[in-house]
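Student: Sequence and computational prediction follow.
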Amino acid sequence: MIKNLLILSREKEMALVSWKDTYQTWLNETSLELSLKNELQDMATNETKLEDAFYAPLSFGTAGMRGLLGPGINRMNIYTVRQATEGLARFMDTLDESVKTRGVAISFDSRHHSQDFAHEAAHVLGAHGIKSFVFEGLRPTPELSFTVRHLHTYAGIMITASHNPKEYNGYKIYGEDGGQMPPKESDLITSYVRKVSDLFNIQVADETQLMNDHTMKIIGDDVDQAYLAKVKTVTINPKLAQEVGKDMKLVFTPLHGTGQMLGEKALQNAGFTNYEIVPEQAQPDPDFSTVTKPNPEDPAAFTLAIELGKKVNADVLVAVDPDADRLGTAVRQPNGEYQLLTGNQIASVLLHYILEAHKQAGDLPVNAAVVKSIVSTEFATKIAQSYNVAMINVLTGFKYIAQKIEQFEATGEHSYMFGFEESYGYLIKPFVHDKDAIQSLVLLAEVAAYYRSQGKTLYDGLQELFQEYGYFREKTISQTYAGIDGADQIKALMKKFREEAPTHFAGHAIVATEDFSTQTKTTSDGKIVKIDLPVANVLKYLLDDETWIAIRPSGTEPKLKFYIGTNAESLELANQKLADFETALNEFIA
Ligand SMILES: O=P([O-])(O)O[C@H]1O[C@H](COP(=O)(O)O)[C@@H](O)[C@H](O)[C@H]1O
Ligand SMILES: [Mg+2]
């Protein structure tokens with residue numbers, strides 16, 4: 001024990017020396033950008049902040065590299081962006097020459113430095129003779145995924161921190177299939193990135209030179225048109241927009257991000273012309289001035305949409321996050337107030353509409369399948385099963401849904417019908433291999449029009465599904481644990497769940513525990529079954545009343561996430577159960 005402690009403290013000491021060394025290197029670097037230098041000097045007396053910025057390089061999580069903007073190896077800045085791109089370029093250097101001509105598609109969102117980082121990535125690739133296709137202005141993440149496939153590039157880079165607060169930025173990396181790189185591929189690239197040790201001497205090519213010799217190309221309208229043409233195919237019953245759409249008022253907000261242009265065009269193309277955009281949130285704004293978190297998961301993100309909705313008497317409100325891959329919605333109730341739907345509920349309503357439409361048309365494939373994450377609702381499983389459609393569960397991260405789509409395409413084993421995650425992400429048609437809020441916006445408008453054609457709202461539609469399949473309720477609880485200490489707290493809590501495993505929650509026995517870190521499912525009678533999913537730091541408890549509780553550290557933010565899914569014979573009962581399980585969970589972690 002003492003020996004272990006000694007080793008630990010020596011390791012800590014070594015780590016201490018090393019972060020301070022790295023910090024000194026940055027401080028002494030004459031070429032360091034002035035703004036970053038100033039920030040470093042401001043941090044000089046704040047050891048905690050400095051350690052956090054220098055103790056470890058940014059890692060690749062659920063959705064690539066994501067972190068606070070600022071100086072340091074654990075921060076998003078021009079140097080860490082160059083480093084990541086240099087790693088990708090060195091990896092591409094080892095492949096066939098043709099990958100360099102196929103090149104890399106690059107897009108960016110409305111955040112601080114996003115455009116600069118995108119161009120910087122192109123300059124690094126250019127120094128390796130790798131072609132880049134950079135969007136002329138900000139574009140959504142799903143369009144980037146589409147572009148990789150459309151232009152047949154070898155890879156894609158999206159500069160975005162999605163819905164995170166304005167202090168963040170990030171780097172999503174895509175493989176040639178248009179999906180975010182799964183761990184095997186991203187680990188390989190990371191191994192190249194880690195070898196890039198001198199962040200201040202990475203070669204960057206001159207942009208004018210790159211443009212002149214066509215190594216860097218600016219893209220825009222052509223790709224937009226191709227993408228929009230595909231989005232049009234998402235519509236199932238175009239008559240609904242024509243007949244009902246004109247009477248249905250929709251309010252749309254891109255939350256200061258990339259979603260406005262394509263969102264609006266997609267709606268118009270589908271025939272939904274009776275919409276209004278929240279004016280204060282229409283233009284790109286790196287400060288997301290009217291919201292603290294530009295996240296449709298957060299009810300506060302709907303404040304202005306609700307205000308406008310009440311003014312114009314809107315039926316449906318839709319918000320998409322700044323990189324336009326997440327979508328949230330609220331529906332007007334008879335009392336004039338708006339009812340928010342959760343990501344799980346939106347997905348369930350969309351799924352039911354898709355499957356029912358195919359059933360009616362008589363073209364539901366016999367090998368149809370839906371893909372969702374292990375922390376998403378079982379309501380959708382019930383719906384899929386009622387249509388004899390397979391439900392396939394994957395780990396959190398849309399990249400795993402994309403991986404399944406590729407598998408389906410390669411083997412013909414299944415026909416992809418729909419994919420979703422509880423975190424407000426849905427993909428209707430796989431011409432994009434990531435979640436797509438532009439596609440979802442169009443289909444959601446159609447589903448709302450469908451219910452309206454029957455004198456109902458989307459919310460009424462949801463209630464009908466509850467009556468048919470059971471009252472399913474879910475909740476995701478995120479607890480923030482910031483910095484190095486926070487990371488330690490998250491580890492300690494995961495350890496507590498593993499080592500002091502509970503047997504009950506709120507009076508319900510745990511009948512099985514799934515630990516995805518050991519890929520095992522242990523039932524209460526001691527039986528152990530192997531879980532056929534990659535290793536991941538996730539725990540899931542299955543209770544005797546079909547309730548499930550999952551716990552995992554977020555891979556995109558310094559948070560521990562708790563997910564509860566339950567169901568009952570009535571909404572009141574389901575809500576009560578949800579509240580009881582939440583209390584029990586809080587008591588356990590207290
Ligand atoms: O942030 P986005 O919209 O890019 O979304 C990303 O993060 C979400 C939350 O991940 P975590 O729970 O690990 O934070 C994931 O569900 C999603 O697949 C991923 O693309
Ligand atoms: Mg996003």
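Tutor: That came through fine. Ligands and ions are numbered 1, 2, ... in the order given.

Student: chain center to stretch 469-479: distance?
Tutor: Distance of stretch 469-479 from its chain centroid, counting by Cα atoms, centre = their mean, to the nearest Å, is 19 Å.

Student: what does that stretch rub up against?
Tutor: 297, 342, 344, 348, 375, 377-379, 382-383, 386, 422-423, 466, 554, 557, 559-571, 573-575, 577-578, 582, 585 (Cβ atoms under 8 Å, 6 or more residues apart in numbering). Placement of C-beta: from N, CA and C, glycine included.

Student: what about 7 Å?
Tutor: 342, 344, 377-379, 382-383, 422, 554, 559-571, 574-575, 578, 582 (Cβ atoms under 7 Å, 6 or more residues apart in numbering).

Student: Equivalent analysis for stretch 216-236, please.
Tutor: 122, 126, 132-136, 143, 146-147, 150, 207, 210, 262, 265-266, 269-270, 357, 428-429, 431, 438-439, 442-443, 446.

Student: if you set the cut-off to 6 Å instead, what comes out?
Tutor: 122, 126, 132-136, 143, 146-147, 150, 210, 265-266, 269-270, 357, 428-429, 431, 438-439, 442-443 (Cβ atoms under 6 Å, 6 or more residues apart in numbering).

Student: Now that we have the residues you listed, which of them are buried?
Tutor: 122, 126, 132-135, 143, 146-147, 150, 210, 265-266, 269-270, 357, 428, 431, 438-439, 442-443 (16 or more other Cβ atoms under 10 Å).

Student: hang on, the earlier thing: in ChimeraX, select just the buried ones from the contacts of stretch 469-479.
Tutor: A single ChimeraX command selects the buried members of these (16+ other Cβ under 10 Å):
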select :342,344,377,378,379,382,383,422,554,559,560,561,562,563,564,565,566,567,568,574,578,582
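
Student: Intersect the contacts of stretch 469-479 with the contacts of ligand 1.
Tutor: Counting by Cβ under 6 Å from any ligand atom, the subset of the contacts of stretch 469-479 that neighbours ligand 1 consists of S554, K561.

Student: In strands only, show me the contacts of stretch 469-479.
Tutor: Judged by DSSP state E, those include K559, L560, K561, F562, Y563, I564, G565, T566, N567, A568 as members of strands.

Student: Now the first one. Nearest residue, chain neighbours left out?
Tutor: Going back to what we said before, that points to K559. S478 (4.5 Å; Cβ to Cβ, 6 or more residues apart in numbering).

Student: Could you give me the buried positions within stretch 478-490?
Tutor: So, applying 16+ other Cβ under 10 Å, buried residues of stretch 478-490: Q479, Y481, I484, G486, A487, Q489, I490.

Student: can you redo those as CSV with distance to ligand 1 and pLDDT?
Tutor: Converted to CSV, these look like this (distance: Cβ to the nearest ligand atom, whole Å; pLDDT from 0 to 100):
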residue, distance to ligand 1, pLDDT
Q479, 12, 94
Y481, 13, 94
I484, 19, 88
G486, 14, 94
A487, 14, 92
Q489, 17, 95
I490, 12, 96
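
Student: Where does the record place the domain boundaries for the protein?
Tutor: Annotated domains of the chain cover 2-219, 241-468, 471-589 [automatic domain parsing].

Student: now the last one: how far from the chain's centre is it?
Tutor: I take that to be domain 471-589. The gap between where domain 471-589 is centred and where its chain is centred comes out at 21 Å by Cα atoms, centre = their mean.

Student: In contact with the residue in the chain that ligand 2 sits nearest to, which residues?
Tutor: Closest approach between the chain and ligand 2, counting by Cβ to the ion: S162, at 3.2 Å. Counting by Cβ under 6 Å, 6+ apart, S162 touches D321, D323.

Student: Would you mind measuring from it to ligand 1?
Tutor: Distance check for S162 against ligand 1: by Cβ to the nearest ligand atom, to the nearest Å, it reads 3 Å.

Student: try I405
Tutor: With distances taken as Cβ to the nearest ligand atom, I405 is found 14 Å from ligand 1.

Student: Which of the helices or strands spans that residue?
Tutor: helix 398-411 (DSSP states H and E).

Student: Show residues contacting that helix.
Tutor: Residues outside helix 398-411 that contact it (Cβ under 6 Å, 6+ apart) are 177, 179-180, 182, 371, 392, 394, 414, 416, 419, 425, 430, 433-435.

Student: which ones among those residues are found in strands?
Tutor: Among those, the residues falling in strands (DSSP E) are V371, I392, V394, Y416, G419, G425.
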